[in-house]
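Chemist: my questions concern the predicted model and sequence given below.
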Amino acid sequence: MIHARKLTRRFTARRETVDAVRGLDLDVERGQLVAVLGPNGAGKSTSLRMLTTLLPPTSGTATVAGSDIRADPAGVRARIGYVGQRSSAGETFRVHDELVTQGLAYGLSRAAARRRAEEMLDLLDLRAMAKRTPGTLSGGQRRRLDIAIGLVHQPDLLFLDEPSTGLDPQNRANIWEHVRRLREQYGTTIVLTTHYLEEADTMAERVVIIDSGRIIADGTAEALKSDLAGDSVTVTTASEPEALLAADVGACFGDTTRETTTVRVKVKLADTALPEFLRALAEKDVRVVTATSARPTLDDVFLALTGRSLREEEAAA
Ligand SMILES: Nc1ncnc2c1ncn2[C@@H]1O[C@H](COP(=O)(O)OP(=O)(O)OP(=O)(O)O)[C@@H](O)[C@H]1O
């Protein structure tokens, strides 16, 4: 569905240049649900805008839904849907009429546009709002309308730029529910950007992490977490000298850090490492007060790769 090679985009504004995307190589197969994750300014939107032909690349090539983004942008646009960060719905038409109008704009016959509008009202649970104007919809409903508009021409591939940003947790979950339904019913390939680590982790089958215009990790959330971050086991000891001893023992298991009486060890699999570690500590007469194990998050993956916390950067932004 997508084959991008060395895509770059440089912006020049007021004599300042920004290399927003620096050599994007990406292959997405039909039917995949891919979440593109990264901090503010990482280049997510710019990448999507190049792949959707909204922005010409500075260099590089890409084939999207069978057409070259430079040689045949119209061919790309005919077969993809794109839902940007800003709402694409106007304010004057009612929801149903807006969907029909968008269908006509894509060249559907009036009958086909009506049929498709009906389908979209059901798929995105918008039927109760069919006669309302977009201005009267809630944030979540409006987002669903944007997605419905992006799907009117039945694209094989849908790009969603931060579909759940700005929504409360319940509406975010609801958007994901609809994204999943879309995939199950139509087999649509979906590429979306998100800031939400937990969403990318639990909802997408593939996570592409972008930082400073480059892909720094690509795989299933599980694989990224176990390959790049690993589990950890943490013990607190009864005294600081015992923690020093525990840190020595921990070093035999993996990278170990200590803070006063707390010792944290990175391990491959915490479930088996924790009892072994505790046995080794008992042999050295180290008195363990608490013992916990933790699975990594995608933030730990980002931290391992960049030395920065995505969560903290988002909070600061
Ligand atoms: N039209 C433009 N002119 C100049 N710089 C731009 C332009 N568009 C984007 N940039 C810069 O390119 C970089 C990447 O921006 P982009 O919007 O792709 O990031 P992003 O990962 O989507 O961020 P966010 O999560 O905040 O939407 C940023 O440094 C941004 O300021």
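Modeler: Happy to help now that I have it.
Chemist: Asp146 versus Arg214, what's the distance?
Modeler: 29 Å (Cβ to Cβ, to the nearest Å). (Each C-beta comes from the backbone N, C-alpha and C, glycine too.)
Chemist: the two - which one has more neighbours?
Modeler: Asp146 (21 against 16; other Cβ atoms under 10 Å).
Chemist: the more buried one: what secondary structure?
Modeler: Here Asp146 is helix, with the state taken from DSSP: H, G, I helix; E, B strand; the rest coil.
Chemist: now it, nearest residue through space, not along the chain?
Modeler: Sequence neighbours aside, Val83 is the residue nearest to Asp146 in space, at 4.9 Å (criterion: Cβ to Cβ, 6 or more residues apart in numbering).
Chemist: what's the neighbour count on that neighbour?
Modeler: Neighbourhood size, Val83 [other Cβ under 10 Å]: 23.
Chemist: so what's it up against?
Modeler: Listed by Cβ atoms under 8 Å, 6 or more residues apart in numbering, the contact set of Val83 reads 146-147, 149-150, 158-161, 163.
Chemist: among the residues you listed, which ones are in helices?
Modeler: Within the contacts of Val83, residues falling in helices by DSSP state H are 146-147, 149-150.
Chemist: by neighbour count, which of the contacts of Val83 wins?
Modeler: Most neighbours among the contacts of Val83, by other Cβ under 10 Å: Phe159, with 27 neighbours.
Chemist: quick check: beta-bridge partners of that one?
Modeler: Here Phe159 sits in beta bridges with Tyr82, Val191, going by DSSP bridges.
Chemist: check what pLDDT it gets.
Modeler: Looking at Phe159, its pLDDT stands at 94.
Chemist: next, the buried residues of the helix ranked longest in the chain.
Modeler: Ranked by residue count under DSSP H, the longest helix found in the chain is helix 169-186. Neighbour-count burial for helix 169-186, counted by 16 or more other Cβ atoms under 10 Å, picks out 171-172, 174-176, 178-179, 182-183, 186.
Chemist: contact partners of that helix?
Modeler: Outside helix 169-186, the residues that touch it by Cβ under 8 Å, 6+ apart are 31, 33, 123-125, 138-140, 143-144, 147, 151, 154, 158, 160, 163-164, 167, 188, 190, 192, 196, 199, 203.
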